[in-house]
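Peer 1: What shape does this take:
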Amino acid sequence: QVQLVESGGGLVQAGGSLRLSCAASGRTPSSYAMSWFRQAPGKEREFVAGISRNTGDTSYADSVKGRFTISRDNDKSTTYLQMNSLKPEDTAVYYCAARSNGATMPSPHRSGYPYWGQGTQVTVSS
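Peer 2: Predicted coordinates for the structure are as follows:
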């Protein structure tokens, strides 16, 4: 079991930046591949970015490539999402998620994640 708590959301103008954090606790947080998802009002939850368990390999949704960067600090059991050049369409609740124990790589599919945080709101004004 692992518990996840997101922070760092807020209101920002278009073109601005935010850094989200996801603090993990419980059973060996560094053993999990981690991802960020987001859900806008009236839309399904979608994959944003993921990072592997050990190698630092990353993957991104096309909509955020070149603007967002996912990273992790296993010593601090924390995963980050640096968001630059934010757009109004990035407005959503952002969730971090941990993959099933044993999976080394992130997945773009929600079904691969049994552990979720409570979410943090990001609002980008135009």
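Peer 1: use CA for all of it now, contacts and neighbours both
Peer 2: Will do.
Peer 1: Okay, helices next: where are they in this structure?
Peer 2: With DSSP state H, there are no helices along the chain.
Peer 1: Need the residue closest to the centroid of it.
Peer 2: W36 (2.1 Å; C-alpha atoms, centre = their mean).
Peer 1: what's near enough to touch the nearest residue to that one once chain neighbours are set aside?
Peer 2: Nearest residue to W36, sequence neighbours excluded (C-alpha to C-alpha, 6 or more residues apart in numbering): C96, at 4.4 Å. Applying C-alpha atoms under 8 Å, 6 or more residues apart in numbering to C96 gives the contacts L4, V5, E6, C22, M34, S35, W36, F37, W116, G117, G119.
Peer 1: Now do the contacts for the closest residue in space to the last one that isn't next to it in sequence.
Peer 2: Read it as G119. Using C-alpha to C-alpha, 6+ apart and skipping residues adjacent in sequence, the residue nearest G119 is Y95, 4.4 Å away. By C-alpha under 8 Å, 6+ apart, the residues touching Y95 are E6, W36, F37, R38, W116, G117, Q118, G119, T120.
Peer 1: likewise S7?
Peer 2: Here S7 is in contact with L20, S21, C22, T120 (criterion: C-alpha under 8 Å, 6+ apart).
Peer 1: How many residues are close by Q82?
Peer 2: When neighbours are defined as other C-alpha atoms under 10 Å, Q82 has 14 of them.
Peer 1: neighbours around the residue nearest to it when sequence neighbours are not counted, how many?
Peer 2: For Q82, ignoring the flanking residues on the chain, the nearest one in space by C-alpha to C-alpha, 6+ apart is R19 at 4.4 Å. For R19, the neighbour count with other C-alpha under 10 Å is 16.
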